[in-house]
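Q: quick check, what structure comes out for this input:
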Amino acid sequence: MAQQVEELIGDAVYDLDGDKIGKVKRVYVDNSSGAPTWASVSTGLFKDDSLVPLAGAQLRQDTRELQVRVHKEAVKSAPHLEHDGLISRESEDELFVHYGIDPGHPGWDDYGRHAERPGGETTGTGTAAGMGTAAGMGTAAGMGGTTASPADRESMVRSEEQLDVGTEQQESGRARMRKYVVTEEQSVTVPTSHEEVHVEREPITDPSSVNADLGDEEREVTLHEERVTVNKESVPVERVRLAVDEVEDEQTVSDTVRKERIETEGTDPDDRR
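A: Prediction:
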């Protein structure tokens, strides 16, 4: 039986409307009947896990989806399981009242084959599967089908609303970039060179070595200079992209919640709270 119950660990849990509640972290069973009674579900919204009743639950074997007979809102407002994993008698009484569960029939009788212990003892102790131990993890009065004690009939459960605060992603704006062409003037200084002519005179010291005929004669030389040429080409200079940074912030939300108060009559005034 323990091996069968542990197979529920990690299954997704859905409510009556088909909304996902979370995933199963632990399963509590009745030691007297072996029937699963509570599932500790991690919803991701609280530090502690939520307890969901398994009475009347249905398991889809093909998809490993567990549908319970309560609504998601009821799970959100239900008492949460402390980190020690124990279910106290008072906590289970509150859960019975909150979910409207019959304390005499809290188990999931349709799941697996549940064998009674020898001697037919009824202790009402719940065992948590998936905890790495076979010891009972907490007392759960009524899990073996016992009736409520006189002390339970003389008490009542006070409930109150709590703010269920979470976050969700939504679009807050858009950023875009585009490129376009502009025209600007650029001035570049380029060194250049050119040729110029000047006259050089050299005295002749040996007249006999030079022809001294009189007559007209002319000479010319070709002059050169550098001219600046300009060509244009497109070259990549940088890459620009839009980068999104996540910035941590805090927001304060306020809302009204309802809570129950209890008044008494016929008691000592000093005992009233």
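Q: measure residue 92 to residue 247 for me?
A: 45 Å (CB to CB, to the nearest Å). No exception for glycine: its C-beta is placed from N, CA and C like everyone else's.
Q: between those two, which one's more packed in?
A: Just comparing residue 92 and residue 247: by other CB atoms under 10 Å the higher neighbour count belongs to residue 92, 26 against 4.
Q: doesn't the more buried one lie inside a helix?
A: Yes: counting by DSSP: H, G, I helix; E, B strand; the rest coil, residue 92 is found in a helix.
Q: all further residue positions should be reported with the first residue as 62.
A: Yes, from this point I'll number from 62; that puts the last item at residue 153.
Q: so what's it scoring on pLDDT?
A: pLDDT recorded at residue 153 is 84.
Q: which helix or which strand is home to residue 86?
A: strand 81-91 (DSSP states H and E).
Q: tell me the mean pLDDT over the following helix or strand past that strand?
A: Remark: after strand 81-91, the chain's next helix or strand is strand 97-103, criterion DSSP H and E. Taken as a whole, strand 97-103 carries a mean pLDDT of 87.
Q: stretch 233-240 now?
A: pLDDT averaged over stretch 233-240 gives 91.
Q: other residues contacting it?
A: Stretch 233-240 is contacted by residues 301, 303 when judged by CB atoms under 8 Å, 6 or more residues apart in numbering.
Q: at 6 Å what do you get?
A: Stretch 233-240 has contacts (CB atoms under 6 Å, 6 or more residues apart in numbering) with residue 303.
Q: cool, and stretch 116-127?
A: Outside stretch 116-127, the residues within contact range by CB under 6 Å, 6+ apart are 72, 73, 74, 75, 128, 129, 130, 167, 169.
Q: torsion angles phi and psi at residue 127?
A: Backbone torsions for residue 127, taken as degrees, to the nearest 10, come to phi -110, psi 120.
Q: can you give me the helices in the stretch 112-261 of the chain?
A: 133-137, 150-160, 211-214 (DSSP state H, counting those that start in this stretch).
Q: thinking again about what came up before, could you check the angle the strand holding residue 86 makes with helix 150-160?
A: Angle of strand 81-91 versus helix 150-160, following axes from the mean of the first three to the mean of the last three CA atoms, to 10 degrees, is 130 degrees.
Q: chain center to strand 81-91: distance?
A: 21 Å (CA atoms, centre = their mean, to the nearest Å).
Q: run through the neighbouring helices and strands of that strand.
A: strand 73-75, strand 97-103, strand 186-190 (3 or more CB pairs under 6 Å, 6 or more residues apart in numbering; DSSP states H and E).
Q: quick revisit: looking at the helices of the stretch 112-261 of the chain, which has the lowest confidence?
A: Mean pLDDT per stretch puts helix 211-214 lowest among those, at a mean of 53.
Q: out of the contacts of stretch 116-127, the closest to residue 103 would be?
A: Distance to residue 103, by CB to CB, is smallest for residue 74 among these, at 9.4 Å.
Q: tell me the pLDDT of the nearest residue to residue 284 once chain neighbours are set aside.
A: Closest residue to residue 284 apart from its sequence neighbours, by CB to CB, 6 or more residues apart in numbering: residue 256 at 4.4 Å. For residue 256, the pLDDT comes out at 94.
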